[in-house]
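*Asks:* can you look at this prediction? I've put the sequence above it.
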Amino acid sequence: MLAGANKQTLGVAVAGLALSLVVQTGGARTQNATVQWQSLNSQQAPAASEKTAEQVYKNIQVLNGLRASELDGVMDFMSASLGVGCTHCHTNPWDSDAKSTKVGARRMIVMTRAINKENFSGNPAITCYTCHRGQHNTEPLPPADLATTPDTDVTATATKPATLPSIDEVIARYMRAIGGDATIENLKTRTSRGTETTTNRMTSPQTIQIEILQAAPDKFLIARTDPRGATLEGFNGSKGWTKDLRGQREMTGRELADMKRRADFFRYLKIRESYPQMRVLAKEKVRDREAYVVGATSRGDSREKLYFDIETGLLVRQFVAFKTAFGSIPEVTDFDDYREVTGAKLPFTITWSRPPFSSTLHFAEIRLNAVIDDSMFEPRDR
């Protein structure tokens, strides 16, 4: 399938491959949200090399001075805080003020900015989520049965067990669970085929066919195919590229950095190399399973949480805070349906989510150490 299809862009699809192809869009540490918010409050101009939101987009009225590259993150934060999609406020054309919710959102931005400036030194202590809690309407009054059925205290912290295993014990058990060091060391290539289902809180879920090729240590290719055509994204070890019906282009900036992380064949397999600093923090539930929570700092200085199933030892969740100018959004990747493939144990279902978007990969087939020609990872002829 990968050899010669026409390619088409897919707007908000995030893909991963077994344990090493999880998209880490939020993994790279961005500027501290407090600094970004203060910059927005003071209308401080971005660096000369980067345009502001109002220089790139139409009808920017209250986000003047925000870096254009940060606008999507701000939109995502508001969407996550209210539990809505983009079309809650926007209509076509996107700069239109036809919806009253968009006008109301501007007033709320001005209000929270003023509260934070006057009371919290400009820090984002009060955000959309403070009142909305994932709902588009706020509740001004306590519920009638609050006295008899009090809500769970969302500010309560998890209780740390009296004893926790050492990080060496957790990682050693994980390595045994996925097949052992010798098995992982012998892995050279991976080929995966299946489907990707994406959601965005605006349209119905979309499911497409995907095929992913990867070669150690850092070569990667993914083909997504839908009724309109196909899209290729590749990384040859140094250069990232994408090709669709509109043509081919080279990746740069954050997009390239994200692709490099996705192409890391051993990211979650040689886990000690990927995360030089780790420590066991607590015990929590992931869905209905007990898991050890490990605080981990990657080689790229990304601070993450890794959740290891207490019973199986397998990695079941990865969490990173995706920073925006308004605050952080949880970015979560869940690993399910582990199966043995040539001695290694790999997840056949991977779900990535960062509100309002999500992507679920269901692999029908994963093959290890099949021969893959290096030319597959090179940019295609134009």
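*Replies:* Good, I have the coordinates.
*Asks:* please count neighbours and contacts with C-alpha atoms only from this point.
*Replies:* OK.
*Asks:* tell me the first helix or strand C-terminal of the lengthiest strand in the chain.
*Replies:* As assigned by DSSP state E, the longest strand anywhere in the chain is strand 327-341. Sequence order places strand 344-354 as the next helix or strand after strand 327-341, per DSSP states H and E.
*Asks:* list the buried residues of the helix or strand following that following strand.
*Replies:* Per DSSP H and E, the first helix or strand lying C-terminal to strand 344-354 is strand 357-368. Judged by neighbour count using 16 or more other Cα atoms under 10 Å, the buried positions of strand 357-368 are 357, 358, 359, 360, 361, 362, 363, 366, 368.
*Asks:* and the pLDDT for the fourth one?
*Replies:* Put plainly, it is residue 360. Here, the pLDDT recorded for residue 360 equals 97.
*Asks:* so who does it touch?
*Replies:* Contact analysis of residue 360 by Cα atoms under 8 Å, 6 or more residues apart in numbering lists 15, 196, 197, 198, 349, 350, 351, 352.
*Asks:* burial count for the residue nearest to the last one when sequence neighbours are not counted?
*Replies:* This means residue 352. Residue nearest to residue 352 in three dimensions, not counting chain neighbours: residue 333, with 4.3 Å by Cα to Cα, 6 or more residues apart in numbering. By the criterion of other Cα atoms under 10 Å, residue 333 has 23 neighbours.
*Asks:* how about the one 10 residues further on?
*Replies:* Other residues near residue 343 number 13, with proximity taken as other Cα under 10 Å.
*Asks:* pretty sure it contacts residue 182?
*Replies:* No: if you go by Cα atoms under 8 Å, residue 343 and residue 182 don't touch, sitting 10.0 Å apart.
*Asks:* low-confidence regions, the protein specifically.
*Replies:* 1-48, 150-160, 382 (pLDDT under 70).
*Asks:* mind doing that once more with 50?
*Replies:* By pLDDT under 50, the low-scoring segments of the chain are 1, 3-45.
*Asks:* strands along that one, start to end?
*Replies:* According to DSSP E, the strands that the chain contains are 189-199, 206-215, 219-226, 229-235, 240-244, 247-250, 277-286, 289-297, 303-309, 315-324, 327-341, 344-354, 357-368.
*Asks:* in a markdown table, list those strands along with distance to residue 99.
*Replies:* A markdown table is the format used below for the strands of the chain (distance: least, Cα to Cα, whole Å):
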| stretch | distance to residue 99 |
| --- | --- |
| strand 189-199 | 23 |
| strand 206-215 | 26 |
| strand 219-226 | 32 |
| strand 229-235 | 34 |
| strand 240-244 | 33 |
| strand 247-250 | 35 |
| strand 277-286 | 38 |
| strand 289-297 | 43 |
| strand 303-309 | 38 |
| strand 315-324 | 24 |
| strand 327-341 | 25 |
| strand 344-354 | 25 |
| strand 357-368 | 22 |
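*Asks:* quick one: closest of those strands to residue 53.
*Replies:* strand 315-324 (14.1 Å; Cα to Cα).
*Asks:* that closest one packs against which elements?
*Replies:* Here strand 315-324 touches helix 33-41, helix 71-82, strand 303-309, strand 327-341, going by 3 or more Cα pairs under 8 Å, 6 or more residues apart in numbering; DSSP states H and E.
*Asks:* rerun that using 6 Å as the cut-off
*Replies:* strand 303-309, strand 327-341 (3 or more Cα pairs under 6 Å, 6 or more residues apart in numbering; DSSP states H and E).
*Asks:* so which of those strands is the most surrounded?
*Replies:* strand 303-309 (a mean of 22; mean count of other Cα atoms under 10 Å).
*Asks:* can you list the strands that that strand pairs with?
*Replies:* Sheet pairing of strand 303-309 (DSSP bridges) gives strand 289-297 (antiparallel), strand 315-324 (antiparallel).
*Asks:* for the residue nearest to residue 312 when sequence neighbours are not counted, the count of nearby residues, please.
*Replies:* Residue nearest to residue 312 in three dimensions, not counting chain neighbours: residue 177, with 7.0 Å by Cα to Cα, 6+ apart. Using other Cα under 10 Å, residue 177 has 16 neighbouring residues.
*Asks:* next: residue 371.
*Replies:* Neighbours of residue 371 using other Cα under 10 Å come to 11.
*Asks:* not counting residues beside it along the chain, what's closest to it?
*Replies:* Per Cα to Cα, 6+ apart, closest to residue 371 is residue 189, 7.4 Å.
*Asks:* bridging residues for the one you found?
*Replies:* residue 215.
*Asks:* reformat the strands paired with strand 303-309 as JSON lines; add distance to residue 375.
*Replies:* Below are those laid out as JSON lines (distance: least, Cα to Cα, whole Å):
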{"stretch": "strand 289-297", "distance to residue 375": "34"}
{"stretch": "strand 315-324", "distance to residue 375": "32"}
